[in-house]
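Student: No sequence on hand, only this structure:
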């Protein structure tokens, strides 16, 4: 979720914290404009317009470079730093970033320790990981490496890199991390395959942890956090279509017309999981190439929805 989507989604309430997409760190200190492009909320006390805090996430394997960029992140206003050890993308892993580092517990330790030493103590340093790379053999070692290095919180995506995003998520395995982390008083957050309130309840029960991070589920059902936190009714398709149209307008106003059609199509594909109508909508717009035509087609769909109602 980029800043525009964070703005739209957090208006519904239910979220305690957002984490940005990762900022790729190689071997140098990045200029402030790179941080601000990824996280424009830094100019608004690191909060979305709705007031939800936003924490900046870094990805990399160079402890010194990660430390320098983490220090810059908090100087620019990020309320802490999150480190990504979970990305399964092949291109990222080939560059020794993301989930591939789960084969190197010692690197996890060095990166987190360097970041922890570089960031003032009042700012939490957190980490996200998977159950492992090819298997779960190093799950305990990776957990201990993060804890020994000073991680204040660990988010666990309940699959290995090889599992990718294929169901199921192995929520019970998160409990292995939580049991170790509890001896240090460090909270663990569960992630993966939470698409509904029922999934949320099962995830908490099987993992034994209290907190859950939403990713794709919040794209498939835009008010999922409010459904979980407050018992809100899931949005109707007509309400969701309004949000899709609004996102398009926000992109156009921000000068992102070039990317708006592809972004809209991507979101519609996520929405198909909760809304059969999204599939029909996607079929009508899948060949659209311009932002203006996309908005025209979406608004026509809104009129059809109103007539059908």
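Tutor: In hand now; what should we look at? Being a predicted model, the structure only gives us computed values, none of them experimental.
Student: From the chain's centroid, how far away is the helix or strand that contains residue 203?
Tutor: Element membership for residue 203, per DSSP states H and E: helix 197-207. When C-alpha coordinates are averaged (Cα atoms, centre = their mean, to the nearest Å), helix 197-207 and its chain have centres 19 Å apart.
Student: residues in contact with it?
Tutor: Helix 197-207 is contacted from outside by 158, 169, 171-172, 174-175, 178, 188, 190, 192-194, 210, 212, 217, 227-228, using Cβ atoms under 8 Å, 6 or more residues apart in numbering. All C-beta atoms are positioned from the backbone trio N, CA, C, and that covers glycine.
Student: surely residue 284 meets residue 299?
Tutor: No - taking contacts as Cβ atoms under 8 Å, residue 284 lies outside contact range of residue 299: 11.8 Å.
Student: Quick one: neighbours of residue 237, just the number.
Tutor: Using other Cβ atoms under 10 Å, the number of residues around residue 237 comes to 18.
Student: distance of it from residue 202?
Tutor: In this view, residue 237 and residue 202 are 26 Å apart by Cβ to Cβ, to the nearest Å.
Student: Show me what counts as buried in stretch 108-117.
Tutor: By 16 or more other Cβ atoms under 10 Å, the buried positions in stretch 108-117 come out as 108, 109, 110, 111, 112, 113, 114, 115, 116.
Student: same thing with stretch 53-66?
Tutor: Of the residues in stretch 53-66, those with enough neighbours to count as buried (16+ other Cβ under 10 Å) are 53-63, 65-66.
Student: okay, how far is it across it, tip to tip?
Tutor: Taking Cα to Cα, to the nearest Å, the span from the opening residue of stretch 53-66 to its closing residue is 22 Å.
Student: List buried residues within the contacts of helix 197-207.
Tutor: Looks like these have 158, 169, 171, 174-175, 178, 188, 190, 192-194, 212, 217, 227-228 buried, using 16+ other Cβ under 10 Å.
Student: Could you pick out which of those are located in helices?
Tutor: 171, 174, 175, 178, 217, 227, 228 (DSSP state H).
Student: Can you lay out the residues you listed as CSV showing pLDDT and distance to residue 91?
Tutor: Converted to CSV, these look like this (pLDDT from 0 to 100; distance: Cβ to Cβ, whole Å):
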residue, pLDDT, distance to residue 91
171, 98, 28
174, 98, 27
175, 98, 32
178, 98, 31
217, 97, 25
227, 98, 35
228, 98, 33
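Student: Can you convert these into a markdown table and add a column each for distance to residue 15?
Tutor: Supplementary listing: these in a markdown table, determined by distance: Cβ to Cβ, whole Å:
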| residue | distance to residue 15 |
| --- | --- |
| 171 | 20 |
| 174 | 20 |
| 175 | 24 |
| 178 | 22 |
| 217 | 12 |
| 227 | 12 |
| 228 | 10 |
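Student: Quick check: of those residues, which lies closest to residue 37?
Tutor: Distance from residue 37 was checked for each of those by Cβ to Cβ. The minimum falls on residue 217, at 26.4 Å.
Student: which ones are touching that closest one?
Tutor: For residue 217, the contacting residues are 193, 194, 195, 196, 199, 224, taking Cβ under 8 Å, 6+ apart as the criterion.
Student: Specify the next element, helix or strand, located C-terminal of the one helix or strand residue 225 maps to.
Tutor: Under DSSP H and E, the secondary-structure element containing residue 225 is helix 224-230. Towards the C-terminus, the helix or strand next in line after helix 224-230, according to DSSP H and E, is helix 237-253.
Student: Touching that next one from outside, list them.
Tutor: Helix 237-253 is contacted by residues 4-5, 7-8, 222, 235, 257, 259-260, 263-264, 267-268, 271, 275, 277-278, 281, 291, 294-295, 298-299, 301-302, 305-306, 309 when judged by Cβ under 8 Å, 6+ apart.
Student: Filter the residues you listed down to the buried ones.
Tutor: Among the contacts of helix 237-253, those scoring as buried are 4-5, 7-8, 222, 235, 257, 260, 263-264, 267-268, 271, 275, 277-278, 281, 291, 294-295, 298, 301-302, 305 (criterion: 16+ other Cβ under 10 Å).
Student: Which members of these occur in helices, if any?
Tutor: Secondary structure assignment by DSSP H places 4-5, 7-8, 260, 263-264, 267-268, 271, 277-278, 281, 291, 294-295, 298, 301-302, 305 of the buried ones among the contacts of helix 237-253 in helices.
Student: so what's the backbone phi/psi at the residue nearest the centre of the chain?
Tutor: Nearest to the geometric centre of the chain sits residue 215, at 5.0 Å (Cα atoms, centre = their mean). Taking degrees, to the nearest 10, you get phi -130, psi -100 for the backbone angles of residue 215.
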